[in-house]
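Chemist: give me the fold of what follows.
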Amino acid sequence: MSKVNQLGNYKGIEVTISSRQVNQEDVEREIQQLLSQRSQLVEKDGTVENGDVTTIDFKGLKDGVAFDGGTAEGYQLEIGSGSFIPGFEEQMIGMAKGETRDLNLTFPENYGAKDLAGADVVFQVTVHHIASKVKAQLDEEFVKSLQIPDVETVDDLKMKIREGLENQNIQALNAEKENKVLGVLIENSDVEVEDEDIQRALDQHVQYVTNELAKQGMALEQYLQMMSMDQDALHAQLMPAAKQQAIFEAIIDEIVKVENLMTSDEDVDRQVDLMAQQYQMDKKDILEKIDLEGLRRDLNRIQASQLILNSAKFIVE
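Modeler: Residues are numbered from 1 along each chain as shown. Have a look, this model is predicted:
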C-alpha cells in the first residue's frame, strides 16, 4: 500500500483559471463542421487537390520489404486531413486517376511502432477515384434533416449549438479547477507510491481505453494495429497518468482518514439505485456485480475531493 509521508495543505488552495466565453465565431465554426460532415462526394476529373477525397491502394516498404499495417486496398483518404504520416498526402497532390506513384517518406522519430520510428520508407500508391466535397447548404431543410428535438429553424440550431458549447465550457472549467487544485496538492505532498498501486491504476486506464473503443465498435487489438503500436507502447503512453492517479488516490485516502469521512449505508444504497436506473438493470443484479466496499471507498473519495474544491480559491484570468 502506498504511504503518504507528508500531506500538503488541502484547504484554501489558490489557483488561476481561464475565462471561457462562447462567441459567434465558435457557433459558426460548429455549424461549418456540421455542414462539412454532411458534404456530398462528387466524382471529378483532373488531378488530386488539397481537400479532395481519394480512394487508393497503398503498400509501405522498408528496405524493399512490406511492413505490418502498411498495406491497404480501396482506402478512402481526404487530402489535407493529416491522417497519414507527414508528406504522404502532400506528395499525392497532382496525381491523376489510375496513376501509381512512389512516395519517399520518413516516419516521425516518436512513432508508436519502434521498428518504424525514424525509418525511411517508400509507399507505393495507386489512385482509383478522386472526388470533391460539396458542402451542404445551411437552410431549414438541412436543419430538419438533423432531427434534433425542438430544433426546426436555423436560429433554433444556432441557439442549440450555443447551449451545447456553454455546457462544454462549464465541464472544461470544472475539469481545469480540479486538475489545477489537485496538481498543487500532489506537488506539495510526499508520497511513497507502491508498484502494485501504479499497476492497478494502469489496468484501469487500459480498461477505460478498451471500453471507449468498444463503444465505437473497435477492439483494442484493432486500434493498436491501426496506430502501429503494441501493448508495451500503449502502457508507456498511459504510465504517467497511472502514476499520477496512484499518488492522487493515496493522498485522497489520507484526507478521508484525517477528516473522518464516511459514506453512510443509506448513501451507498442510493448510489446503487442510481446505477440500476442508469444501466437499466435490476438492483439485485447490480449488487451481484459490484464491490460495495469499493463503491463506498469511491464515494468517500468524492467527498474528500469536494471538500478540497469547495475550500479552494479560484482567480479568473
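
Chemist: surely residue 46 meets residue 130?
Modeler: Yes: between residue 46 and residue 130 there is a contact under CB atoms under 8 Å: 7.4 Å. (Glycine included, C-beta is placed from N, CA and C.)

Chemist: so between those two, which is more surrounded?
Modeler: Legend: neighbour count by other CB atoms under 10 Å for residue 46 and residue 130, higher for residue 130 (23 against 11).

Chemist: which positions within stretch 302-314 qualify as buried?
Modeler: Neighbour counts using 16 or more other CB atoms under 10 Å place 303, 304, 305, 307, 308, 312 of stretch 302-314 among the buried residues.

Chemist: follow-up on the earlier one: shared neighbours of residue 46 and residue 130, which are they?
Modeler: By CB atoms under 8 Å, 6 or more residues apart in numbering, residue 46 and residue 130 have these common neighbours: residue 96.

Chemist: just the strands from the chain, written as ranges.
Modeler: Assigned by DSSP state E, the strands in the chain fall at 3-6, 14-17, 40-43, 53-62, 65-78, 100-106, 120-134, 190-192, 313-316.

Chemist: most tightly surrounded among the ones you listed?
Modeler: Of all these, strand 53-62 carries the top mean neighbour count, a mean of 18, counting by mean count of other CB atoms under 10 Å.

Chemist: against which helices or strands is that one packed?
Modeler: Contacts defined by 3 or more CB pairs under 8 Å, 6 or more residues apart in numbering; DSSP states H and E place strand 53-62 against strand 65-78, strand 120-134.

Chemist: how close does residue 314 sit to residue 15?
Modeler: Taking CB to CB, to the nearest Å as the measure, residue 314 falls 6 Å from residue 15.

Chemist: kindly report the same for residue 159.
Modeler: Separation of residue 159 from residue 15 (CB to CB): 33 Å.

Chemist: same check, this time on residue 207
Modeler: In terms of CB to CB, residue 207 sits 30 Å off from residue 15.

Chemist: also residue 210?
Modeler: 33 Å.

Chemist: weakest of the helices and strands packed on strand 53-62 by average pLDDT?
Modeler: In terms of average pLDDT, strand 65-78 trails the rest of the helices and strands packed on strand 53-62, at a mean of 94.

Chemist: for that strand, which strands pair with it and how are they oriented?
Modeler: When pairing is defined by DSSP bridges, strand 65-78 lines up against strand 53-62 (antiparallel).

Chemist: check contacts around the residue nearest to residue 22 when sequence neighbours are not counted.
Modeler: The spatially closest residue to residue 22, leaving aside those adjacent along the chain, is residue 165, at 4.6 Å (CB to CB, 6 or more residues apart in numbering). By CB under 8 Å, 6+ apart, the contact set of residue 165 is 22, 26, 27, 30.

Chemist: between which two of those residues is the distance greatest?
Modeler: Within the contacts of residue 165, two members stand farthest from each other by CB to CB: 22 and 30, at 9.9 Å.

Chemist: domains in the protein, by residue range?
Modeler: Here the domain parsing of the chain from automatic domain parsing is 3-18+168-316, 40-134.

Chemist: now these as JSON lines including distance to residue 155?
Modeler: Output for the domains of the chain, formatted as JSON lines (distance: least, CB to CB, whole Å):
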{"stretch": "domain 3-18+168-316", "distance to residue 155": "20"}
{"stretch": "domain 40-134", "distance to residue 155": "25"}
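
Chemist: of all those, which lies closest to residue 142?
Modeler: Comparing those under CB to CB, the one sitting nearest is domain 40-134, at 12.1 Å.

Chemist: between its first and last residues, how far does the closest one reach?
Modeler: End-to-end distance for domain 40-134: 5 Å, by CA to CA, to the nearest Å.

Chemist: is it true that residue 202 touches residue 244?
Modeler: No: applying CB under 8 Å, one finds residue 202 not in contact with residue 244, separated by 11.2 Å.

Chemist: longest helix in this structure, please.
Modeler: Across the chain, the longest stretch assigned as helix under DSSP state H is helix 154-187.

Chemist: off-centre distance for that helix?
Modeler: Centroid separation between helix 154-187 and its chain, computed with CA atoms, centre = their mean, to the nearest Å, is 15 Å.

Chemist: likewise stretch 210-221?
Modeler: That offset, for stretch 210-221, works out to 12 Å (CA atoms, centre = their mean).

Chemist: that one - what's its average pLDDT?
Modeler: Computed over stretch 210-221, the average pLDDT equals 93.

Chemist: who's in contact with that stretch?
Modeler: So stretch 210-221 is contacted by 206, 209, 222, 223 (CB under 8 Å, 6+ apart).

Chemist: give me the buried entries from those residues.
Modeler: 206, 223.

Chemist: the contacts of stretch 210-221: which two are farthest apart?
Modeler: Checking these with CB to CB, the most distant pair is 206 and 222, at 14.9 Å.

Chemist: of the strands of the chain, which is nearest residue 291?
Modeler: Closest to residue 291 of the strands of the chain is strand 3-6 (CB to CB; 23.3 Å).
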